[in-house]
Structures are given as C-alpha cells and as structure tokens.
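A.B. asks: Need a 3D model of the following:
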Amino acid sequence: MTLKLLSRWPVQCAAGASLVLLLSMASGWTTSANQAAPPQTAAAAATEECPAGFYGSPATGCSDVNECASGNGGCHKLAMCTNTKGARECGSCPKDFQGNGYVGCFDVNECPNGDCTDRIPTDAATAEPPVVSTGGDITVAAVSEQGAPATFTVKAQDPKDGARVAYCMPRSGSTFPIGKTVVSCWSSNTRGKLGRASFTVNVTRPAF
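C.D. replies: Numbering: from 1, shown residues only. Model (predicted):
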C-alpha cells in the first residue's frame, strides 16, 4: 500500500503544479486584456459633443431633435414630415399635385397644360443650406438644484431666400440642468435644405 501511495505522489504533484501554472497564465491574460482596452471614463465621455441633429448632455445622453415638431420640418405644408434620427424626411405630394415635399407641391390644374416642372427651382439639388448663427456658448449660475433658465437669440440667413426662421432644442427660456447642455438649432430654405448650428449652455453650481 505504501509503495502505491509513493508512486502516485509525483503524478499528483505534477498535476497540481500544472493547475497552478494554468491559473497564473489565465490571470495574466485577464490583466493584459484589461490594460489593453480600459473602459471609457466619465471624464472622457464628458468631453464629447452631441452629434448634429441631437441635443442634451453628452455625459448623460443626447436626444434626437424632432424637426417635424416645428414648421413641419421645413417640408411643404401638403407633404408629411417624418422625423428620423439626426434628420427628417419630407413625403411626396398628394394626388393631382406635382413637385415634391422638399421644394413644394403645385396643383396641376393651376399649371400650363398640367405641367408644373418649371416651378421647381433648377438648383434644388445643389443649393446650399441656410447659415445658422448663434451667440456662442452661454454660462449661467444655477438658481436652484434644478438649474437655471437661459435665453438666447439664433438667426438664419439663406443666400437665395434671405432671413429664415431658426428653431432650437432646448428652446430659449427653458430651464437647463446644472452642468453642460448642448443646444441644437436648425433652419430650412425653400430648396428643402437644412442648416444647423449648436452651442453649449453651462449652468454652474453656486453655494446654496
């Protein structure tokens, strides 16, 4: 019996040593993997900006701007505006109308021989979007734990259409939370093009 136990001892020692070696290697692989791909920190995320067509706080989440909620998204009044992530789409014109939802819908009964093609701007496809101008970033002090209201003025100018209406989310006069919030603004022209601009409202936390 003693001889059998002695003969098994080297085998068991070798198996134990192999197990310890494998566990050490696995631990090393895990450490290396963690060092090679560290998780994104909150500080790194806070330096990012919301993409065009989105507003809010990059640190807590950016929300899509619903362009269709203002001015029918710049689409013609007879066309349906469909909101998409970061943009919008204008639907087609209704029956007995020519054109498209981006540049206009024209009643064929009011066009010579029912052909309204000459009413569509020839530069509709190549036209530039309007230029949206903001006053730059804003810093205000919080008036409560909920933040502070902030007002601003945004303008839009188109080379062909002149002054255009500009919309923003969040809207001027809204209460902004403590921290940085990206305000996304946009405007459209009669060629169906959207111009965009954004700025940041920074609400600082005073000692209440």
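
A.B. asks: Find the centremost residue of this structure, please.
C.D. replies: With distances taken as CA atoms, centre = their mean, the residue of the chain nearest its centroid is residue 54 (3.0 Å).

A.B. asks: for residue 185, what are its contacts?
C.D. replies: Taking CB atoms under 8 Å, 6 or more residues apart in numbering, we find residue 185 in contact with 132, 134, 154, 166-169, 196-199. The C-beta positions use only the backbone N, C-alpha and C, and glycine is treated the same way.

A.B. asks: Which two of those residues have the greatest separation?
C.D. replies: Maximum pairwise distance in those, criterion CB to CB, is 14.1 Å, between 167 and 199.

A.B. asks: related to what we said a few turns ago, does the residue nearest to the centre of the chain have any beta-bridge partners, and if so which?
C.D. replies: Beta bridges link residue 54 to residue 64, judged by DSSP bridges.

A.B. asks: returning to what we had before: possible to save the contacts of residue 185 as a markdown table with distance to residue 99, neighbour count and secondary structure?
C.D. replies: What follows is the contacts of residue 185, written out as a markdown table (distance: CB to CB, whole Å; neighbours: other CB atoms under 10 Å; DSSP: H, G, I helix; E, B strand; the rest coil):
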| residue | distance to residue 99 | neighbour count | secondary structure |
| --- | --- | --- | --- |
| 132 | 25 | 22 | strand |
| 134 | 32 | 18 | coil |
| 154 | 29 | 19 | coil |
| 166 | 25 | 23 | coil |
| 167 | 24 | 20 | strand |
| 168 | 29 | 23 | strand |
| 169 | 29 | 21 | strand |
| 196 | 25 | 20 | strand |
| 197 | 28 | 19 | strand |
| 198 | 31 | 21 | strand |
| 199 | 35 | 17 | strand |
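
A.B. asks: List just the nearest of these to residue 125.
C.D. replies: residue 196 (19.2 Å).

A.B. asks: Identify the bridge partners of the closest one.
C.D. replies: As for beta bridges, residue 196 partners with residue 186 under DSSP bridges.

A.B. asks: Does it touch residue 182 like I think?
C.D. replies: No: counting by CB atoms under 8 Å, residue 196 does not reach residue 182; the two are 11.7 Å apart.

A.B. asks: just the helices in the chain please.
C.D. replies: Secondary structure of the chain, counting by DSSP state H: helices at 2-36, 42-46.

A.B. asks: got a list of what the residue nearest to the centre of the chain touches?
C.D. replies: Neighbouring residues of residue 54 by CB under 8 Å, 6+ apart: 62-65, 86, 182, 184.
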